[in-house]
Each structure stands twice: as C-alpha cells, then as structure tokens.
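> no FASTA, just this:
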C-alpha cells in the first residue's frame with residue numbers, strides 16, 4: 001500500500017519516528033455523512049488518510065483477478081501513536097475527530113487537512129471518542145481509568161489544552177460539559193454508544209465486562225440554537241488561518 005499513498009505521506013512509527021518501515025495496518029474507518037464517496041482511514045502508524053471510492057488510477061494490486069484502484073487521495077495531520085478512532089461528524093460535512101494512543105484528541109476540517117483545528121491532550125490515556133447523534137457540538141470521550149467525559153467541540157479551539165483534571169463546567173477551554181462518575185474499580189473503557197432512539201441514554205462498557213447505561217441531562221445532549229453556527233465559525237476560522 002505504501003506505493004499507492006500520495007506524495008508527502010509520512011507514516012509515523014509507534015515511538016514517534018517517521019519512516020518507510022512503519023505499519024500501514026488499518027485500525028478504523030468512517031464515511032462522510034453527506035458524501036458517501038468520501039471516507040477516512042486511521043492506521044497503525046498514526047496517520048489519518050482521506051480516501052475516495054471513486055478512484056480511477058490502478059493500484060497495481062489485484063484480488064482474485066480483480067484489479068484494485070487507488071483510494072487514498074490525501075492525508076491529515078497525524079498522531080505519534082496508533083489511531084484508535086476516526087469519525088466524520090454526522091452533523092457537518094467538513095468536521096471530523098481523530099483519537100490515538102498518544103492521548104491526543106484532534107478536531108479537523110476537510111478544508112484544512114494539514115493543520116488540525118484543535119488538539120487536546122489527556123493526562124489519562126484515551127480509548128475512544130464519538131460524536132453525539134443529535135447535538136452537533138457534543139463529543140464523548142473515554143479513558144483507560146474508566147472516566148467518560150462530554151466535551152463541547154468549540155471549547156477545543158485553543159490547541160494544546162490538557163483535559164487531565166476534569167470539572168463539570170465548560171467555563172474553561174477544554175473542560176468537559178459533563179463527567180460521569182468513575183467506577184470504584186477503574187478499568188479501561190472498551191465501548192461507548194449513544195442510544196439512537198433516546199439520545200439521553202449512553203451505554204458504557206469496560207475491559208472487565210461491566211456495562212452501565214447512563215441517563216444524561218437533557219440540556220447537555222439536546223441541540224442548542226447556536227451550535228451549528230459556532231461549529232461553522234470554528235471551521236471557517238481554521239481555514240482562514
């Protein structure tokens with residue numbers, strides 16, 4: 001796959017080194033909510049790739065006699081560790097988030113792939129991140145310590161903020177809107193999912209096989225009238241910069 005990647009692509013090794021020997025193993029995938037021909041790939045080496053199902057250039061690889069086409073068209077600002085999650089926003093064509101084992105959560109714009117809109121660092125290792133299904137600014141994250149937090153995407157706009165010390169307020173940049181009480185016996189969160197029928201419910205599972213279903217405050221998960229405009233403003237500012 002290396003030779004099919006676009007010029008300028010750099011694969012990031014697990015210890016932060018850049019080189020041809022770093023892996024290209026795919027770890028996660030997400031399709032654009034408005035354009036089903038566009039999708040993202042996260043890879044072992046830390047890179048995030050922008051891909052298209054409408055590639056027309058032969059890759060030189062065939063499977064069972066069928067010639068494959070190149071799908072990678074560009075790359076985003078990557079991570080220094082394995083990409084754990086990449087997700088296109090279900091609410092905005094150009095917004096996406098990525099999360100990796102380097103404990104960084106990045107907000108990107110499709111219009112500015114080489115510079116993230118914001119980067120947030122967690123003192124605890126992050127395991128997953130998800131856009132909320134209804135509120136366009138809400139992002140849920142989870143950690144190896146069992147902590148689940150709900151962030152305002154626009155509060156990430158100032159880069160290099162730490163989210164190691166949590167609070168139940170969004171007054172400070174990067175602070176969660178809401179933090180769920182951690183379990184008495186901490187364990188890494190291995191799964192997190194919103195209920196599509198009742199958006200106030202979220203299920204959380206951990207590596208010990210425990211599952212919790214939480215009912216979230218309506219004001220946290222419900223859309224606010226200014227949410228979409230704020231998200232648009234953040235993404236436009238990133239492009240202008």
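Sure, I can see it. In this text, all values refer to a predicted model and were calculated from it rather than measured experimentally.
> where do the helices sit along this structure?
For the chain, applying DSSP state H gives helices covering 218-221, 227-240.
> so which of these gets nearest residue 93?
Among the helices of the chain, the nearest to residue 93 by C-beta to C-beta is helix 227-240 (9.7 Å). C-beta coordinates here come from the backbone N, C-alpha and C atoms, glycine included.
> may I see the buried residues of that closest one?
227, 230, 231, 234, 235, 238 (16 or more other C-beta atoms under 10 Å).
> count of residues packed around residue 60?
10 (other C-beta atoms under 10 Å).
> ok, the spatially most distant residue from the centre of the chain to residue 55 distance?
What lies farthest from the middle of the chain is residue 65; by C-alpha atoms, centre = their mean that is 35.4 Å. Look at residue 65 and residue 55: by C-beta to C-beta, to the nearest Å, they are 19 Å apart.
> so what pLDDT did residue 218 get?
Looking at residue 218, its pLDDT reads 96.
> tally of neighbours for it?
Neighbour tally, residue 218, other C-beta under 10 Å: 9.
> please name the nearest non-neighbouring residue to it.
Nearest in space to residue 218, with sequence neighbours left out and distances taken as C-beta to C-beta, 6 or more residues apart in numbering, is residue 200 at 6.1 Å.
> how is this structure carved up into domains?
The record's domain parsing of the chain by automatic domain parsing lists 1-88, 122-241.
> weakest of the ones you listed by average pLDDT?
Looking at the domains of the chain, the lowest mean pLDDT belongs to domain 1-88 (a mean of 78).
> was I right to think residue 152 contacts residue 140?
No. Under the criterion of C-beta atoms under 8 Å, residue 152 is not in contact with residue 140, lying 11.6 Å apart.
> now residue 229: how far from residue 137?
Separation of residue 229 from residue 137 (C-beta to C-beta) stands at 10 Å.
> could you do residue 180 as well?
Distance, residue 180 to residue 137, using C-beta to C-beta: 18 Å.
> just residue 204 next, same as before
As judged by C-beta to C-beta, residue 204 and residue 137 stand 21 Å apart.
> could you check which of the two has the larger neighbour count?
Neighbours were counted for residue 204 and for residue 137 using other C-beta under 10 Å; residue 137 has more, 25 against 21.
> for the more buried one, phi and psi?
phi -100, psi -10 (degrees, to the nearest 10).
> reformat the helices of the chain as a markdown table; add distance to residue 185.
Converted to a markdown table, the helices of the chain look like this (distance: least, C-beta to C-beta, whole Å):
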| stretch | distance to residue 185 |
| --- | --- |
| helix 218-221 | 26 |
| helix 227-240 | 36 |
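> between these, which gets nearest to residue 111?
Closest among the helices of the chain, once you apply C-beta to C-beta, is helix 227-240, at 4.8 Å.
> quick one: which of the domains of the chain is nearest residue 98?
For the domains of the chain, the distance to residue 98 is smallest for domain 1-88, at 4.7 Å, taking C-beta to C-beta.
> please state the offset of that closest one from the chain centre?
Counting by C-alpha atoms, centre = their mean, to the nearest Å, domain 1-88 is centred 15 Å from the centre of its parent chain.
> what of stretch 76-92?
For stretch 76-92, the distance to the chain centre is 4 Å (C-alpha atoms, centre = their mean).
> rewinding a little: now the residue nearest to residue 218: how far from residue 219?
The value you get for residue 200 to residue 219, if C-beta to C-beta is used, is 10 Å.
> kind regards, and thank you for your time.
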